[in-house]
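In: let's see this in three dimensions:
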Amino acid sequence: MISVLIFDDNEDRRDSLTLLIESVSDFAVSGALSQANNALEEVARLKPDVVLMDIDMPGTNGIEATRLIHASFPSLPIIIQTVFDDDDKIFQALKAGAAGYLLKNASSEVILSAIREALQGGAPMTPAIAQRVLTFFRSEKSVKPDYGLTDRETDVLRLLTQGNSYKMIADQLEITFNTVNSHLKKVYEKLQVHSAGEAIAKSVRDQLF
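Out: All right, here's what the predicted structure looks like:
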């Protein structure tokens, strides 16, 4: 059973997400909370497999809550959900350790698929968000650091940054899902990051391609 913890200050939204998630046989909602002031304590208590995090909440906002949770639970996927699609919030969320970033108008199918993808180590993003990530630092000029990535590791990271799932990357490069996972583990080690979101944020910031 995949346990999902929801943070959202909108009651209707929390109820809608709860109904959606619990309509899937292998999904369950461990909690649906209106604020993230005690996010670390709630994560420790409820032990979710995935977190759906709203950005704009009273008290501790979603980006700060993501940063706190990721620092203590680095392997826990956190998917940001928000009505905002401005560049700064997107990038700040990824730097904080978010595994993915979805707009709240994403379809039910996209949300459920994102939960599964995040659990597999992917970085689920709607196409519009992926494009914004890619163009975030287009006008910035900097020297590209050398992290010692192989050509294949660079290819895998580039496709991940473009919003592709592990399966899509495997199909495009004609390799197996497990090989994609193996390459990305090495990428994380070389970039010194712990999640797909962090890898994307670092690759965009450092203009690796």
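In: what separates the closest residue to D9 other than its chain neighbours from Q35, distance-wise?
Out: If the residues on either side of it in the chain are set aside, D9 comes closest to M57, at 4.5 Å by C-beta to C-beta, 6 or more residues apart in numbering. Placement of C-beta: from N, CA and C, glycine included. Taking C-beta to C-beta, to the nearest Å as the measure, M57 and Q35 are separated by 6 Å.
In: can you report how many residues lie near the residue nearest to D9?
Out: Close neighbours of M57, defined as other C-beta atoms under 10 Å, add up to 21.
In: now do the strands in the protein.
Out: For the chain, the strands defined by DSSP state E cover 2-7, 27-33, 50-54, 78-82, 100-103.
In: redo the ones you listed as JSON lines? Include mean pLDDT and distance to R205.
Out: Putting those into JSON lines (pLDDT from 0 to 100; distance: least, C-beta to C-beta, whole Å) gives the following:
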{"stretch": "strand 2-7", "mean pLDDT": "96", "distance to R205": "26"}
{"stretch": "strand 27-33", "mean pLDDT": "96", "distance to R205": "31"}
{"stretch": "strand 50-54", "mean pLDDT": "96", "distance to R205": "21"}
{"stretch": "strand 78-82", "mean pLDDT": "91", "distance to R205": "18"}
{"stretch": "strand 100-103", "mean pLDDT": "86", "distance to R205": "15"}
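In: dump those into JSON lines; add mean neighbour count and distance to L184 as well.
Out: Putting the strands of the chain into JSON lines (neighbours: other C-beta atoms under 10 Å; distance: least, C-beta to C-beta, whole Å) gives the following:
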{"stretch": "strand 2-7", "mean neighbour count": "22", "distance to L184": "21"}
{"stretch": "strand 27-33", "mean neighbour count": "18", "distance to L184": "25"}
{"stretch": "strand 50-54", "mean neighbour count": "27", "distance to L184": "18"}
{"stretch": "strand 78-82", "mean neighbour count": "25", "distance to L184": "18"}
{"stretch": "strand 100-103", "mean neighbour count": "24", "distance to L184": "14"}
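In: fine by me, thanks again.
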